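Undergrad: No sequence on hand, only this structure:
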């Protein structure tokens, strides 16, 4: 298969116009002899579309796709409305470049402006960028944003997702930053400990709502501690839970970031996902990446453009606030389609269903002999259990087409329940677990 | 003008529903104070809205897209199809290894294809875009230099013609930037390079062909100079579409590279993303690559690794699309794609060089012309010419980049434009230049047929209205 449209005659005519006989001649005139690749690429020959499709289907079939997923830990199995799936195939939206030519990019610019607005609505903050790579890089960029010449300390809750920790550590390791973890007490960020760690040197404090163990953090208490010291409170929020939990702004957050994959993006083995970043207006010039702004055209008509580009790498080069160029623009548009489709009521319903169903499963599991819920604190849609031999259980569930929770230790499992699970599904899960406990798997 | 979702919103019109809650409702004690105020629309209005918005976007299938350095080639449909297979979209990133053999196979195959094309030994798929790949590579180099006790190497050399992401990424990785001059044709000033290198040089960042579309023949010598000083060579893969199957960064002396799958390997740009910017390196650097639990490559070293730069395994679905493309084209197809990309660029350049008062000269997959003669003669600028192209249904070239060329216009037609398309593009350019000569104000007024006239960007930056309220 090949996607070049040239016929042999076209090629000959084009070469003739250049006074050449072959493409080789054109290449050889420019690439020094000793650097030319001899003997061709050591790769298989090309294939027909039909063969490629067959091969890729075969590869996909080597994966086990679970119909029942009770694992979250940063990637969430939610319903994706048909509108989102449909817009995802729109060729103009998907194939266009960054909207540097606003006159022929109004569709993408306006859709992104709407996305920014909806992320502000979710977080209660004033300004949003047009997206970054994912929730982990959003958290890392936010930590960097908080730094200034004097304040070089970043406090991060020990209860954030491990993937996010790793990315924050990588982003900060060359930045001359004093990165410290706030201890966890019974599954929650230890607010008392935070009080003792905060100082005039603290640039930012990062806490996730919901935390890794699924627990609802006391975000307001964090905001109350950071505000008097003028340390930035960076809230890492779950966009679905945000529909019913106190907003980031209500908790006193200066910046709210997170992973918006739950808003209509498929699991796809971890990407592409969507990092969102919102902030109080006073921080807008420090936000990394693209921002869309409203203006008028020369006829006074409302329109949208990339704005505040003086922060960005293509203008500022080494003085830019971040090197990000390509972002997750199409994912941002899909998240907007998701929010416009489900609406506020729909999002609240989805959040309530996740929360209610997770509690239903937790309560059933807590009644099984040898099982307990690890933490007493309020949780949302994820929770940790303790039981014997989780490894064997998870393998057993796999044989039944169920992806169970994530094993955290030799006794702990982190479960996640979303709106995708019906009561029957959950009852089946519990009875399978019970059966396994009684040796019924053998 | 299209109304915003918020202006279209009507209370009670959204009829989206969820299944009845079939377990007891649990509400949390901490509750949102302010009501969530998302727009309310019926499904048909949501679809009409996005359909209307999509019509106001110029995509690759809407017409030519010779946007230099962006490689806006056609995105084959089969790529989208394979990436949307449930066997990929439905896979959780934290599934057990024995249930993700297909995903690992995708990474393995793409890994070996990229190594073959680049002349490198190991790949990391975590970086989500080109600039992310740059930053990641710089951190890899930093870790390596640290491990061999070369902590005094704090400087990254970039030519003044480089992409803005290069210096920005260097700073993001904690380095200082040293900018060296290029000759007017974009070739690096060797004397300046020799003067710049020293025992504080960490690396040089370079793209070849350079940002003017010229293959820098001094590359082997440059690598020698930088290596002799103890520094490393970094290849910005933005221009890889010029050389697949013809030359390899690994053979030019580069130690580490990033690739833009959304440029060279035909995955869509998504209106700005998602892209995918895997990095590839020589064996001596592989232990420092981003850590992965997956076994698609050897040499992962948790102790030496820089850690992670993105959650999970990168923009996986984009990698599926790129692999589909690689399998379809194969060794000869990839070489042919680069060959035709270079042929198309030369064929276009040959036809339009004289409009700009320039001599045609060989170029690789793109070329840069200066509109400054047109400015002197007719008082029209690169921006005016670009805006006039919008009226003709053509996406303009990249303008005012690279910075070393005054009034730069950078054309990259890519290999998926036909001869007819390029002929017609050249005719359109001739037409625009004749209007420039006869009625320059018509160009100043352009575009007239686009969805909007030229926007007031100063007002946007001043008022900072970045959300509806």
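TA: Now that the structure is in, tell me what you want to look at. Predicted, not measured: the structure shown is a model, and the values here were computed from it.

Undergrad: which stretches of the stretch 301-442 of chain A have low pLDDT?
TA: A:440-442 (pLDDT under 70).

Undergrad: Tell me which stretches of it form helices.
TA: Ranges of helices within the stretch 301-442 of chain A are A:313-316, A:329-366, A:390-399, A:423-437, based on DSSP state H, counting those that start in this stretch.

Undergrad: Any chance you could list what contacts the third one?
TA: Applying CB atoms under 8 Å, 6 or more residues apart in numbering or on different chains, the set of residues contacting helix A:390-399 from outside is A:64, A:66, A:387, A:403-405, A:407, A:410-413, A:429, A:432-433, A:436, A:441, B:96, B:99. Every residue, glycine included, has its C-beta placed from N, CA and C.

Undergrad: Just the buried residues from those, in PyMOL please.
TA: Those of the contacts of helix A:390-399 that count as buried under 16 or more other CB atoms under 10 Å in any protein chain shown are selected in PyMOL with:
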select buried, (chain A and resi 64+66+387+403+404+405+407+412+413+429+432+433+436) or (chain B and resi 99)
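
Undergrad: Residue A:162 touches residue A:212, doesn't it?
TA: Yes. Using CB atoms under 8 Å, residue A:162 makes contact with residue A:212 at a distance of 6.9 Å.

Undergrad: So those two - more neighbours on which side?
TA: Per other CB atoms under 10 Å in any protein chain shown, whichever of residue A:162 and residue A:212 has more neighbours is residue A:212, with 25 against 14.

Undergrad: what about the more buried one, distance to residue A:356?
TA: From residue A:212 over to residue A:356 the distance is 21 Å, taken as CB to CB, to the nearest Å.

Undergrad: so what's residue A:137 closest to, chain neighbours aside?
TA: Closest residue to residue A:137 apart from its sequence neighbours, by CB to CB, 6 or more residues apart in numbering or on different chains: residue A:275 at 5.4 Å.

Undergrad: so who does that neighbour touch?
TA: A:131-138, A:141, A:257-260, A:328.

Undergrad: Phi first, then psi, for the most centrally placed residue in chain A.
TA: The residue lying closest to the centre of chain A (CA atoms, centre = their mean) is residue A:259, at 3.2 Å. Residue A:259 adopts backbone torsions of phi -100, psi 120, taken as degrees, to the nearest 10.

Undergrad: so where's the stretch 51-200 of chain A shaky on pLDDT?
TA: Using pLDDT under 70, the stretch 51-200 of chain A has no residue that qualifies.

Undergrad: which residues in it form helices?
TA: A:82-87, A:91-95, A:106-123, A:135-146, A:162-172, A:191-197.

Undergrad: Helix A:329-366 and the third one, what's the angle between them?
TA: Angle of helix A:106-123 versus helix A:329-366, following axes from the mean of the first three to the mean of the last three CA atoms, to 10 degrees, is 30 degrees.

Undergrad: Now residue 197. Nearest residue, chain neighbours left out?
TA: In the absence of a named chain, chain A is used. Residue A:197 sits nearest to residue A:155 (CB to CB, 6+ apart), 5.7 Å away.

Undergrad: Let me rephrase: I mean chain B.
TA: residue B:229 (3.8 Å).

Undergrad: Next: residue A:413.
TA: Nearest to residue A:413 is residue A:405, by CB to CB, 6+ apart, at 4.1 Å.

Undergrad: how near is the one you found to residue A:272?
TA: 25 Å.

Undergrad: ok, back up a step: TSV for the helices of the stretch 301-442 of chain A, including distance to residue B:387?
TA: Output for the helices of the stretch 301-442 of chain A, formatted as TSV (distance: least, CB to CB, whole Å):
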stretch	distance to residue B:387
helix A:313-316	19
helix A:329-366	23
helix A:390-399	58
helix A:423-437	57
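
Undergrad: can you tell me how far the residue nearest to residue A:197 sits from chain B?
TA: 19 Å (CB to the nearest CB, to the nearest Å).

Undergrad: Up against chain A, what does the stretch 351-469 of chain B have?
TA: B:351, B:362, B:364, B:386-387, B:390, B:395-396, B:401, B:415-419, B:421, B:447, B:450-457, B:459-461, B:463-469 (CB under 8 Å from any CB of the partner chain).

Undergrad: tell me the contacts of the residue nearest to residue A:413?
TA: Contacts of residue A:405 by CB under 8 Å, 6+ apart are A:70, A:71, A:385, A:394, A:413, A:414, A:415, A:416.

Undergrad: Out of those residues, the closest to residue A:30 would be?
TA: Using CB to CB, residue A:71 is the member of the contacts of residue A:405 that lies nearest residue A:30, at 52.1 Å.

Undergrad: And for the closest one, the neighbour number?
TA: Residue A:71: 26 neighbours (other CB under 10 Å).

Undergrad: contacting residues around the residue nearest to residue B:197?
TA: Residue B:229 touches B:197, B:198, B:199, B:201, counting by CB under 8 Å, 6+ apart.

Undergrad: Can you pull the domain assignment for the chain?
TA: Because you didn't say which chain, this covers chain A. If you go by automatic domain parsing, the domain ranges for chain A are A:8-61, A:68-77+A:344-437, A:82-338.

Undergrad: could you do chain B instead?
TA: If you go by automatic domain parsing, chain B breaks into B:78-325, B:334-457.

Undergrad: what about the last one, how long is it end to end?
TA: Read that as domain B:334-457. From its first residue to its last, domain B:334-457 covers 41 Å (CA to CA, to the nearest Å).

Undergrad: Repeat that for stretch A:312-327.
TA: Start-to-end, stretch A:312-327 (CA to CA) is 13 Å.

Undergrad: average model confidence for the longest strand along chain A?
TA: Secondary structure assigned by DSSP state E gives strand A:202-209 as the longest strand of chain A. For strand A:202-209, mean pLDDT is 98.

Undergrad: chain center to it, what's the gap?
TA: Here strand A:202-209 is found 18 Å from its chain centre; the criterion is CA atoms, centre = their mean, to the nearest Å.
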